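*Asks:* Got a predicted structure plus its sequence, pasted below:
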Amino acid sequence: QVQLVESGGGLVQPGGSLRLSCAASGSIFSIGVMGWYRQSPGNERELVASTTSSGNTNYALSVKGRFTISRENKKSVNLQMNGLKPEDTAVYYCHAKSVCYGSVCTDRDFWGQGTQVTVSS
C-alpha cells in the first residue's frame, strides 16, 4: 500500500516562510504527479501546486511567485512557502496520483493526513 507522510507545518508570522515535506512509503516504482492541496474552514479543498515526474509544475494564482514546489526524488515532494499571508492559513495535504507500486499501477488519488499551517501575528 502507499502512504504519504507530511511534515513541516506550524505557526508563522505574516511575511515569514515555511517548508513542507512529503514522503511516500511503500514499494513504489513511480509517481506521475505529486502536489499539495489546502483546505480552510468552510472552504473546499483547493490545489496549491503540483509537479509531474517530467518536471512540469502548476501553481494556484494566489501562490504563484511566493511558493515553490520541488521533487526531492521519485517518492518525495517539498513546498517552499515564502511571503506567507494570513489567507494561506489552512490544513495542507500532500497528494499523489498515477502511482505504480508492487505489481500495480493505479490512477486513484492518494492523500496524506494533513499538516496545519497558521499565519498570524
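*Replies:* Received, thanks.
*Asks:* contacts, neighbours, all on C-alpha from now
*Replies:* Noted.
*Asks:* which element is the most centrally placed residue in the chain on?
*Replies:* In the chain, the centroid-proximal residue (Cα atoms, centre = their mean) is Trp36; its distance is 2.4 Å. Secondary-structure assignment from DSSP states H and E places Trp36 in strand 28-39.
*Asks:* which residues are contacting that strand?
*Replies:* With Cα atoms under 8 Å, 6 or more residues apart in numbering as the test, strand 28-39 has contacts from 2, 45-53, 69, 74-75, 77, 79, 90-102.
*Asks:* Kindly export that strand (C-alpha atoms) in PDB.
*Replies:* Provided in PDB are the C-alpha atoms of strand 28-39 (Å, rounded to 0.1, in the frame of the first residue of the first chain):
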ATOM      1  CA  ILE A  28       6.900   2.500  -5.300                       C
ATOM      2  CA  PHE A  29       8.300   2.400  -8.800                       C
ATOM      3  CA  SER A  30       6.900   5.700 -10.000                       C
ATOM      4  CA  ILE A  31       4.600   8.600  -9.100                       C
ATOM      5  CA  GLY A  32       3.300  10.600 -12.100                       C
ATOM      6  CA  VAL A  33       2.000  13.600 -10.200                       C
ATOM      7  CA  MET A  34       2.700  14.900  -6.700                       C
ATOM      8  CA  GLY A  35       1.400  18.000  -5.200                       C
ATOM      9  CA  TRP A  36      -0.200  20.000  -2.400                       C
ATOM     10  CA  TYR A  37      -3.700  20.900  -1.700                       C
ATOM     11  CA  ARG A  38      -5.100  23.000   1.200                       C
ATOM     12  CA  GLN A  39      -8.400  23.400   2.900                       C
END
